[in-house]
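1. How does the following fold in three dimensions:
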Amino acid sequence: MRIRSVFKHSTQVVVEGALISLLVVGLMAGTAFAGRGGGGHGGGGGGKTGGSGSLAVVMVSDANGNGLANWGDALTFTVTTAATNPFVKMSCSQNGVVVYTFSAGFFADYYWSKIFTLNSPSWSSGAASCTATLYTTTDGTSITTLATMSIAVGA
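-> Next comes the predicted model:
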């Protein structure tokens, strides 16, 4: 029974890693296409745009008590959507370099952490520009972006 549990968890970790990788590649491709300018068709970086949803930041830990996201703080999101199995991915950059990425599922069966702690081995201090993306996937490969939100993280 323990082996089955470990196998199930390992499989879920691999699937989530693949989804995160797919989203990162899609966002990079979308950024490259956005840089071209010109007229073009709808859609957005990171997959299809459709459905609807909204995000709101909820502070979990606010070290300086200012109510704003700062390096080292922890936050989560209130997610509103009719989509099944929605995820939120947050990516932060300093001077154009991605220093933080974390993704979490916002549905009942997701039992890993939904807390985004604003630091990483490559982000040891300072302010960053972050983007939170609410998305869902229907077949494991097709990502639909439901909402995005920019978050300025202070030092």
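
2. Tell me the spacing between residue 112 and residue 105.
-> Residue 112 is 7 Å from residue 105, where distance means CB to CB, to the nearest Å. For every residue, glycine as well, the C-beta is placed using N, CA and C.

3. Out of the two, name the residue with the larger neighbour count.
-> residue 105 (19 against 12; other CB atoms under 10 Å).

4. What does the pLDDT read for the residue nearest to the more buried one when sequence neighbours are not counted?
-> Spatial nearest neighbour of residue 105, excluding adjacent residues (CB to CB, 6 or more residues apart in numbering): residue 87 at 5.1 Å. Residue 87 carries a pLDDT score of 96 in this model.

5. Likewise for residue 69?
-> The model reports residue 69 with a pLDDT of 96.

6. do the one 5 residues further on as well
-> pLDDT recorded at residue 74 is 97.

7. Adjust the sequence numbering to begin at 77 for everything that follows.
-> Okay, using 77 as the starting number, the last item reads as residue 150.

8. Residue 145: how many residues sit nearby?
-> 22.

9. how about it, what does it touch?
-> 133, 135, 151, 194, 206, 227, 228, 229, 230 (CB atoms under 8 Å, 6 or more residues apart in numbering).

10. residue ranges with poor pLDDT in the chain?
-> Scanning the chain for pLDDT under 70 picks out 77-127.

11. could you pull out the strands for it?
-> Listed in chain order, the strands of the chain (DSSP state E) span 124-125, 129-137, 150-157, 163-170, 173-181, 192-193, 204-213, 219-229.

12. returning to what we had before: now the contacts of residue 145: which count as buried?
-> Burial by neighbour count, 16 or more other CB atoms under 10 Å: within those this picks out 133, 151, 194, 206, 227, 229.
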